[in-house]
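*Asks:* Have a look; sequence and predicted model below, questions after that.
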Amino acid sequence: MDKPLNNRAWLFVLPVLVFVLFSSLLPVMTVVNYSVQDTMGQNNFFWNGIAWFQNLLDPSTDIGGRFANALVRNLLFSFVVLALELPLGIAVAICIPRHGWKVGASLVAIALPLLIPWNVVGTIWQIFARADIGLLGAALNGLGIPYNDTQDPTSAWATIVVMDVWHWTGMVALLAYAGLKSIPDAFYQAARIDGAGRWSIFRNIELPKMQKVLVIAVLLRFMESFMIYTEPSVVTGGGPGESTSFLSLDLVKIALGQVDLGNAAAMSLVYNLITLTICYAFFTVMTQLDRRKDV
Amino acid sequence: MSVVLERVGLRVGEETVIDDVTLAFERGTMNVLLGPTLSGKTTLMRLMAGLDKPTTGRILVDGNDVVGVPVRKRSVAMVYQQFVNYPSLSVYENIASPLRVAGVDRAEIESRVAEASRVLRLDPFLRRLPAELSGGQQQRTAIARALVKRAALVLLDEPLANLDYKLREELREELPRLFAASGAILVYATTEPSEALLLGGRTATLWQGRMTQEGPTPSLYRDPGNIDAARVFSDPPLNELSVSVRDGRATRVDGAALPAHLSPDLPDGAYRLGFRVENANIREDGSGDFVGKVSVTEISGSESFVHVDLGFATWVCLVLGVHDWKPGAMASVSVDPRGVFVFRQDGERVPATLAARYVTDTVGA
Amino acid sequence: MATITLDGVGHAYPTRDPGEAKRYALKPINHVWRNGRAYALLGPSGCGKTTLLNIISGLVIPSDGRLLFDDRDVTSVSTEKRNIAQVFQFPVIYDTMTVRENLLFPLRNRGVDKRTAEARVVEIAGLLDLVPVLDRRARGLTADAKQKISLGRGLVRSDVSAVLFDEPLTVIDPALKWELRSKLKAVHEALDMLMIYVTHDQVEAMTFADEVVVMKDGEVLQIGTPTELFERPDHAFVGFFIGSPGMNFLPATVEGASGHVGETAFALGSGYPSLTDKVQLGFRPDYATVSNDGAGIPVTVLRIEDLGRRRLARVALGPHEVTATVPHGAPIALGEARLEVAAHHLHVYVDDRRVEGEAA
């Protein structure tokens, strides 16, 4: 069957095409352009092939070593943050009341950290954690626990992780709560009739029914934590030493601090690819798991 | 207005959803599409409404091909199985909505909504929201919306399926009358043979996307053209039996001979007998043709359907009134040959003369 | 297994104004549900049947009366301590478990030893035709299989007092309903349990139950066997609700053994004292026949409904419309005809309640 052909339709799509062009295609192409060229300054660029990439992916080079270390840091950070936020978020979700005015109050309280801009979160924690005047830092030191996030890598890491947990557990909790809300009362009633205990209800009803939203939570939290920039940049600035220099922080240092455009471009492209690949892998594995269970 | 489907087909990917359907609808008629779930009723309606496009064939309205004409330019109203209303609009606004869209003037809207809400007995609820109504009232609101539109083609897709059966009885009587006055073409999809019979008009039976038969509803019931049409138009399910005929005597597949009155007067070969529940009766005196064990009795109020397991098949027998045959009880089943249809192996009906033999047999006995 | 006694059980939602009369969602009832019987609670939505079921399951604590399981007062005992099993409108299964694990679940929770539990699961699975899928994941199965699992989880426990069904066939494909109905029936025959089944569908209620409880507006109108409900409905609503089409009702005056509808007299099977208030004659279309040339009451045939296996006639009797049966195979024409109703199928209702006549 012939569709009525109407060329005017293209006119309506045009603004979107232009928008996509300027917002994503052109900037990415600029980066690709930088990543295969070198410059001697004065805007003289020449072809450099894949040399930037070769350097970057070889850990024995200076830039390659930095990249590998930062990548390991990123992966470790995402893993730790996910391992803390998921169980905590689920636990919080289960504790949220189901009826009455308390629902609204709890949800607002939980969502509060999510409403604060990234850099403000960083600033709050930067002051909060200061060993001399910060409530947290000073209190810990007062208790005899040696703590200094500008001197001690462990303290710095702990601060960043706790800050992220504080900032984002609410989102996991809200998603998990949405999953819990969708479970019909009949399931709880049936479980009570079957004599199931609280843990058993969680294990056999709540967790399976939350699975879909949790997959989304893991994806969102992974992407966000893997690309973390603002908060550590404000709190620790990547230090002490290189201890909290995540990929994004390092990238900015190379690109804007050292104006090493070729390396930075290659690095951001590889960084981007890694994020995409891991997300894709996550998604595939989880949807596959989902499907296999039906058999 | 007339609507004609001309060799309409719809393929989605590799799958044939609608297979070569030709049907004609005349102004002011009731047309039933009868078929089980997924037989293509809803798809056919979507094609007629213009929500989907057929991959083959033409749809003609008053002789003009309308394939590709957008829905909003057609004079179509549709009522669905689910109660579809605008949740944030009052019942009044819900009913008025198609008129507002069409830009009908204020006074006209008021009079038409008043008229529709009167015949559908929604007057007391006009200020309420749909969520504050019972299921029956919600569906009546949806029907009123279709009514005020005065569409030339009204598509009703199992509109009563989600209602209590008593409400169903009531609305089923009202619906055809409501729309009859408007002269619209009514197309009513249902899975229930009894509903088709109550609605009357013409019926098309659908099975797996094919139209198996079409004609005036009662005669379609009495005279199915093939086994698929007979199955679709039987509830409880058609009782069936595979037989082979040799020298005018029929035997079951397992070799047992059938009573003379169940032997079709046909050339040798394999056939399939089919008969409805009203032609299978239980003989309390044990004088039936077959003996089996009762598996369950369904009591529908005025009728009882006894499911009997005969070993070679499970048949459903009709007993009038309320009778509770206990599971496990032995029952003697007789089959009235006047109600037996004979089908060839390919499913086509063959005219056969069992009844004559039956009469001779009885006279002889 | 137990007998359930409803001792004045009723439920009213709290009223705001203390002076206001109680508004009952369920008016107090007295009844004994005996062990080994199957009961159906039947009525339109909002009739109180679900409230009654929730009272028995322990989800609702009744405002009035006591609920006894055998001799134990369970009025305010929690659901899990009541030893009931329940099948819900939508199948409730544990997604991650196999069918076998689903069935074992209630037994495991109660610490039943493994051998006994396994044997019981196989027995119940056999009864429900679930043996072939025992080791499949429950969530990949069809709705009817899932509903059988929900039922099975109730049946595996040998200590259940009652099995409750809350419109369990709602999501089942119409073509498979009768199969599941026959399974339920077979289970009932095999296991000798008290079963209570809530539905708005008369076919389900009458097919499943030994006794049907017909309810409307929070009130029990009649408790009886399917035959009783059909032959002798105690309340006009029962006559209307049971049977399709429902009973015919005509406003009448009754004198002795004859009922008068306008100018027309019906002979009744028995004599009645003088009746006042709203008097009606009721008879089923199934027991009223219409023919063009028979004996009986003169009527006008308005239209014929051909339902395939039977034909119904809509006839006018004075200003009233009545439904009657056209005898099988008999010709019928619109217009003048005669209506016959056997005297013993004519019932007299005063204010919607059936009045028993005195032997004529």
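*Replies:* Okay, I see it. Given the structure is predicted, the values throughout are model-derived calculations rather than measurements. Numbers count the residues shown, from 1 in each chain, chains lettered A, B, ... in the order given.

*Asks:* Need the nearest residue in space to B:L258, chain neighbours excluded.
*Replies:* In this structure, B:L258 finds its nearest non-sequential neighbour in B:A250, 4.5 Å apart by Cβ to Cβ, 6 or more residues apart in numbering or on different chains. C-beta: built from backbone N, CA, C; applies to glycine.

*Asks:* Who are the contact partners of residue 267?
*Replies:* Picking chain A for this. A:56, A:63, A:67, A:247, A:250-251, A:254 (Cβ atoms under 8 Å, 6 or more residues apart in numbering or on different chains).

*Asks:* other chain: chain B
*Replies:* With Cβ under 8 Å, 6+ apart, B:P267 has these contacts: B:V245.

*Asks:* Tell me the strands beside the strand or helix carrying B:A204, with direction?
*Replies:* Taking DSSP states H and E as the criterion, B:A204 maps to strand B:202-207. The pairing partners recorded for strand B:202-207 under DSSP bridges are strand B:30-34 (parallel), strand B:210-216 (antiparallel).

*Asks:* Output those in TSV, with mean neighbour count appended to each entry.
*Replies:* Below are these laid out as TSV (neighbours: other Cβ atoms under 10 Å in any protein chain shown):
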stretch	mean neighbour count
strand B:30-34	25
strand B:210-216	19
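
*Asks:* right, and the helix or strand after the lowest-mean-pLDDT helix or strand in chain A?
*Replies:* Ranked by mean pLDDT, DSSP states H and E, the weakest helix or strand in chain A is strand A:45-47, scoring a mean of 75. As assigned by DSSP H and E, the chain's next helix or strand after strand A:45-47 is helix A:51-56.

*Asks:* buried stuff in the following helix or strand past that next one?
*Replies:* Scanning forward in sequence from helix A:51-56 by DSSP H and E, the next helix or strand is helix A:62-95. By neighbour count on 16 or more other Cβ atoms under 10 Å in any protein chain shown, the buried set for helix A:62-95 is A:63-64, A:66-71, A:73-74, A:77-78, A:80-82, A:84-86, A:88-90, A:92-94.

*Asks:* Can you tell me which residues in chain C are near chain A?
*Replies:* Residues of chain C lying close to chain A (Cβ under 8 Å from any Cβ of the partner chain) are C:57, C:59, C:78-80, C:84-86, C:88-90, C:92, C:94-97, C:105-106, C:109-110, C:136-137, C:139-140, C:150, C:153-154.

*Asks:* Same check on chain B?
*Replies:* So chain B meets chain A at B:53-56, B:67-68 (Cβ under 8 Å from any Cβ).

*Asks:* Got a PyMOL select line for the buried ones in these?
*Replies:* To isolate the buried members of these in PyMOL, using 16+ other Cβ under 10 Å:
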select buried, chain B and resi 54
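
*Asks:* Which members of the residues of chain B next to chain A are the farthest-apart pair?
*Replies:* Using Cβ to Cβ, the two most remote members of the residues of chain B next to chain A are B:T56 and B:G68, lying 14.0 Å apart.

*Asks:* which residues in chain C form helices?
*Replies:* Remark: helices assigned in chain C by DSSP state H are C:49-57, C:99-109, C:114-127, C:143-155, C:174-191, C:202-208, C:226-231, C:236-241.

*Asks:* For B:L33, which of those is the nearest?
*Replies:* Proximity to B:L33 (Cβ to Cβ) singles out helix C:174-191 among these, at 16.3 Å.

*Asks:* what about the residue of the stretch 201-350 of chain B found nearest chain C, neighbour count?
*Replies:* Ranked by Cβ to the nearest Cβ, the top residue of the stretch 201-350 of chain B for proximity to chain C is B:V296, at 3.3 Å. Number of residues near B:V296 (other Cβ atoms under 10 Å in any protein chain shown) recorded here: 24.

*Asks:* do A:Q151 as well
*Replies:* That count, for A:Q151 with other Cβ under 10 Å as the rule, works out to 13.

*Asks:* check contacts around it.
*Replies:* A:Q151 touches A:P240, counting by Cβ under 8 Å, 6+ apart.

*Asks:* wait, what's in contact with whatever residue of the stretch 151-300 of chain C ends up closest to chain A?
*Replies:* Going by Cβ to the nearest Cβ, chain A is nearest to C:R153 of the stretch 151-300 of chain C, at 6.1 Å. C:R153 makes contact with A:190, A:194, C:85, C:102-103, C:105-106, according to Cβ under 8 Å, 6+ apart.
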